[in-house]
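> Need coordinates for the below:
(2 chains)
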Protein chains: 2
Amino acid sequence: MLNGSNRILVESVKRLLRRGATTNLRNIISKTHAADLAAVIRALSLDNQLHLYNLIEDTEKKGDLFSELDEDTFLPLIETIDLDDIVAVLELMATDDVADLIGRLPDEKADAILEKMKREGSEEIEGLLKYDDDTAGGIMVTDFMAFEQDVTAKEAIEQIQTEYHDVEMPFYLYVVDEYGKLVGVSSLRQLVVVPAETPLKRFMSTNVFTVGTDIDQEEVAKLVARYDILAVPVVDETNRLVGIVTVDDVIDIFRQEATEDMLKMAGVGEEFIETQTVMRSTKTRLPWLLASCLGGIFAFFVIGKFEGTLDRYAYLAAFIPVIMGMGGNIGTQSSTIVVRGLATGRIITRDFWTVVSKECAIGLILGLIYALLIGSVAQLSYSMIWLALAVGLAVICSMTVAALVGSCVPLLMARANIDPAVATGPFVTTSIDIISVYFYFLIATTFLGI
Amino acid sequence: MLNGSNRILVESVKRLLRRGATTNLRNIISKTHAADLAAVIRALSLDNQLHLYNLIEDTEKKGDLFSELDEDTFLPLIETIDLDDIVAVLELMATDDVADLIGRLPDEKADAILEKMKREGSEEIEGLLKYDDDTAGGIMVTDFMAFEQDVTAKEAIEQIQTEYHDVEMPFYLYVVDEYGKLVGVSSLRQLVVVPAETPLKRFMSTNVFTVGTDIDQEEVAKLVARYDILAVPVVDETNRLVGIVTVDDVIDIFRQEATEDMLKMAGVGEEFIETQTVMRSTKTRLPWLLASCLGGIFAFFVIGKFEGTLDRYAYLAAFIPVIMGMGGNIGTQSSTIVVRGLATGRIITRDFWTVVSKECAIGLILGLIYALLIGSVAQLSYSMIWLALAVGLAVICSMTVAALVGSCVPLLMARANIDPAVATGPFVTTSIDIISVYFYFLIATTFLGI
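Model prediction:
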């Protein structure tokens, strides 16, 4: 739906740029949402990008566009834009978005911008930059509506009309004491519903969820999702209200965290790399494959140890893929369930034994079923009962151990406060490969009495 | 943070239940959020669950609790609760949550409840049930604020105070014409900011994003995330406003879709199965492993075809794991990037050739690097240049083909409107296993001139 209309938009803009139809372009720009404009810009040459950018008349829209552009488009473009213009745009943006953008710039550029903004009096931004990107402090906005307890509903409404018309997402009014400490919250609707002269302290809710500035963004996001709230206030060590995290950022956090987890499990870094160049992408993926390569070389030496067996019974080799594959796949199942369960809070590390023993039981049952199937194939092909038994037993061992490793590793990682998604993917698969092959040849050799 | 305090809560509740301390329990219940109460209930025996449930005095809280309970706790509990009580609870809940709950019940129970609710005049619910669960119609709420165009700001505020005090998330006021067709939207804040006598049509925005009732929930969620809006209106074929989808549901959709994609890629069904029993979990995972098993058996026959080669050069077998592993891992990398890229909109099916050719280039480069490494190990171990070359070439083929298959398959699936996550996981890994092994033995046999 969106893609189709964007394609048409890109073609129109390109045509109008060729014709130099400035008025028409201005018209299109003013009617197009920044998210769609970003898609258009991405499809243009750098010259045309700058040209189109300069046609944007609304400074706030320029800011929205900055936020929407992906890094590969944003960085070259920003280099071509005048510093004064950049600062003018940033000054109208929400503080969290500014902090975000500046965090993406090369240090030199960032410093120049900050210096200029500070001279013009925005200490606020520098304050935000001091928090870690992935914490409540790093993602909060500092535009929020705060009132003292004795302010009446009517006075609050007046202030909203005058002072707070800039607030990005005004759902809640925060109530603070004389030291700026958070004491309550009210919704905009409550304000409209109560008699005009009621002071806030009479109808505010004192049961407020808050987070500290250093809380991990994922925890903040979970809180918002769990309690279906639209914004969560961020407080410093002394419970002073310093910002709010809004629901639109929470959506981005969840999507980003899910993407990161998937990429990490597949061993392709943390950042989405499709828009990166072939060389950068290769560099990101190289080290993860090294784990798998070293594991494979290790398996090679393991098999080498059984060369005597293999020389005499070469057909043993034909079962390597199926035994490795079954172990690898059930291991991936177990680790995916545990990693995602931990991320969504359906599994907690305290459940260690429950989860691991259940996974092992499932591994054993599935192992028995597939041992029967694969053992039968071996028997039908070679009519050697020892071979069928060895293959079957290897399948059972491989699948049970794989379920054990696949469920244990992420849980142990989580307990040790290591991100379970990072370590799980290549590590689990590779170690299962080695274990499967080792057990298989050990069992076969034992059966043969070599 | 949450887990710690929940554990203390569970212990206190258990102790109070043993002591029959009804007043204390009522006190705790009234102070505890439904999400936390659900965690407590989950940890109790069915008897105690019912006991605690009956102590809840606030009917609305009972409804919140229903929504928070997971299926395994909810289904047994609801069977023990009186039908009249259930209906009383459902009648105070938001329509989308009711539809959701009823959808989770066994047909017989659901019919009984619907019958009873209908007799008491809630056709609304049955209307909701007619939409597919995963569409805008299935997830929308029918409690929204709609006004005609000539209503003034002041009149609207009055109506909000009287008629609409029940609306779940009141951010936007929708403006409709005499036929109920959507013509504009205003925020609650705008209402407060304009002079009291201004009619809505003077300050409403006519640029409204809408979705049809049959639009997939994922599309709806993407729209909300893309444009940072808090609710999107749902319209029928004649553009009549029939409901809204709110941002809290969008968060749930994204989390659910990400979980589903991960589980599907790992071949563990669609629903999160950690809370399921060992038997149900085994049943879900069995068929996915069958794909891998059949693939493995196929690889077995492929190797069987090369038995002559293997009989004479048994050590060829020692390289099977590393060649399979390298192919499998780079294939997983490619398919994860493409599946997640498609889900987040960073990749679209139109990019087919760009994405696939880039992946192949990366596969080739990484293949060359690891061919050198693994080939060297072969050379150092056996000092046979033909073997080192065969192994190296097999690594290059395996990794390039894996990157090709891993990126092609999900893109082709998406083009054919098949969910790319479902088909990708076991299918890609298994086919790469077979292809890798085949190429390896083919190359080795050719080099040996057999």
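> Show me the helices in the stretch 201-350 of chain A, by range?
Remark: helices assigned in the stretch 201-350 of chain A by DSSP state H, counting those that start in this stretch are A:217-227, A:247-266, A:278-305, A:307-312, A:320-344.
> State the distance from A:Val192 to A:Thr198.
A:Val192 sits 12 Å away from A:Thr198, going by CB to CB, to the nearest Å. Placement of C-beta: from N, CA and C, glycine included.
> any common contacting residues for the two?
A:Ala153 (CB atoms under 8 Å, 6 or more residues apart in numbering or on different chains).
> shaky segments in the stretch 151-300 of chain A?
Within the stretch 151-300 of chain A, the segments meeting pLDDT under 70 span A:165-170, A:270-276.
> Just the closest residue of it to chain B, please.
A:Gly296 (2.7 Å; CB to the nearest CB).
> Please name the nearest non-neighbouring residue to that residue.
B:Val322 (2.7 Å; CB to CB, 6 or more residues apart in numbering or on different chains).
> So which bits of the one helix or strand A:Thr400 maps to are buried?
Per DSSP states H and E, A:Thr400 falls inside helix A:385-415. Neighbour-count burial for helix A:385-415, with 16 or more other CB atoms under 10 Å in any protein chain shown as criterion, is recorded at A:387-411, A:413-414.
> which of those come close to chain B?
Residues of the buried residues of helix A:385-415 in contact with chain B (CB under 8 Å from any CB of the partner chain): none.
> quick one on the thing from earlier: what separates the residue nearest to A:Gly296 from B:Gly375, distance-wise?
In this view, B:Val322 and B:Gly375 are 11 Å apart by CB to CB.
> Which of the two has more residues huddled nearby?
Between B:Val322 and B:Gly375, counting by other CB atoms under 10 Å in any protein chain shown, B:Val322 is the more crowded of the two (29 against 22).
> I'd assumed A:Ala299 was in contact with that one.
Yes: with contacts counted by CB atoms under 8 Å, B:Val322 reaches A:Ala299, the gap being 6.4 Å.
> what sits against A:Leu191?
A:153, A:156-157, A:173, B:192 are the contacts of A:Leu191 under CB under 8 Å, 6+ apart.
> will you turn the residues you listed into JSON lines that also has distance to A:Leu77 and secondary structure?
Below are the contacts of A:Leu191 laid out as JSON lines (distance: CB to CB, whole Å; DSSP: H, G, I helix; E, B strand; the rest coil):
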{"residue": "A:Ala153", "distance to A:Leu77": "46", "secondary structure": "helix"}
{"residue": "A:Ala156", "distance to A:Leu77": "41", "secondary structure": "helix"}
{"residue": "A:Ile157", "distance to A:Leu77": "41", "secondary structure": "helix"}
{"residue": "A:Leu173", "distance to A:Leu77": "38", "secondary structure": "strand"}
{"residue": "B:Val192", "distance to A:Leu77": "38", "secondary structure": "helix"}
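> Just name the closest of these to A:Ile432, please.
A:Leu173 (55.0 Å; CB to CB).
> in which helix or strand would I find the closest residue to A:Ala388 other than its chain neighbours?
Sequence neighbours aside, A:Gln379 is the residue nearest to A:Ala388 in space, at 3.9 Å (criterion: CB to CB, 6+ apart). If you go by DSSP H and E, A:Gln379 is part of helix A:352-382.
> the inter-axis angle of that helix versus helix B:278-305?
Helix A:352-382 runs at 40 degrees relative to helix B:278-305, counting by axes from the mean of the first three to the mean of the last three CA atoms, to 10 degrees.
> quick one, helix A:352-382 and helix A:320-344 angle?
Using the same axes, to 10 degrees: helix A:352-382 against helix A:320-344 is 160 degrees.
> What residues sit buried inside helix A:352-382?
For helix A:352-382, using 16+ other CB under 10 Å, the buried residues are A:352, A:355-356, A:358-367, A:369-371, A:373-375, A:377-379, A:381-382.
> for it, packing partners?
Helices and strands touching helix A:352-382, by 3 or more CB pairs under 8 Å, 6 or more residues apart in numbering or on different chains; DSSP states H and E, are helix A:320-344, helix A:385-415, helix B:278-305.
> Which element is encountered next along the chain beyond the second one?
Where DSSP H and E defines the elements, the next helix or strand beyond helix A:385-415 is helix A:420-448.
> That next one and chain B, any residue contact?
Yes: interface with chain B: helix A:420-448 contributes A:425-426, A:429-430, A:433-434, A:437 (CB under 8 Å from any CB).
> And stretch A:36-53, by the same measure?
No: under the criterion of CB under 8 Å from any CB, stretch A:36-53 makes no contact with chain B; the nearest approach is 8.6 Å.
> Off-centre distance for that stretch?
27 Å (CA atoms, centre = their mean, to the nearest Å).
> and the residue nearest the centre of chain A, what does it touch?
For chain A, the residue nearest the mean C-alpha position is A:Glu257 (1.9 Å; CA atoms, centre = their mean). By CB under 8 Å, 6+ apart, the contact set of A:Glu257 is A:218, A:221, A:343.
> Tell me how many other residues crowd A:Leu90.
A:Leu90: 24 neighbours (other CB under 10 Å).
> rewinding a little: anything in contact with each of B:Val322 and B:Gly375?
In contact with both B:Val322 and B:Gly375: B:Val395, using CB under 8 Å, 6+ apart.
> Would you confirm that A:Leu77 contacts A:Ile41?
Yes: A:Leu77 is within contact range of A:Ile41, at 7.4 Å (criterion: CB under 8 Å).
> okay, these two: which has more neighbours?
Using other CB under 10 Å as the criterion, A:Leu77 and A:Ile41 rank with A:Ile41 on top: 23 against 19.
> Work out for me the element that one sits within.
Per DSSP H and E: helix A:34-42 holds A:Ile41.
> Run through who's touching that helix.
Under CB under 8 Å, 6+ apart, the answer for helix A:34-42 is A:2, A:5-6, A:9-10, A:13, A:29, A:32, A:49, A:52-53, A:61, A:64-65, A:67-70, A:73, A:77, B:226-227.
> Let me see the domain layout of chain A.
A:2-133, A:139-254, A:278-448 (automatic domain parsing).
> I'd like those domains laid out as JSON lines, including distance to B:Ala231.
JSON lines is the format used below for those (distance: least, CB to CB, whole Å):
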{"stretch": "domain A:2-133", "distance to B:Ala231": "17"}
{"stretch": "domain A:139-254", "distance to B:Ala231": "11"}
{"stretch": "domain A:278-448", "distance to B:Ala231": "24"}
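> related to what we said a few turns ago, between the contacts of A:Glu257, which sits nearest A:Val141?
A:Ala221 (15.1 Å).
> Return a ChimeraX selection command for the buried portion of the contacts of helix A:34-42.
To isolate the buried ones among these in ChimeraX, judged by 16+ other CB under 10 Å, type:
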select /A:6,9,10,13,29,32,49,52,53,61,64,65,67,68,69,73,77 /B:226
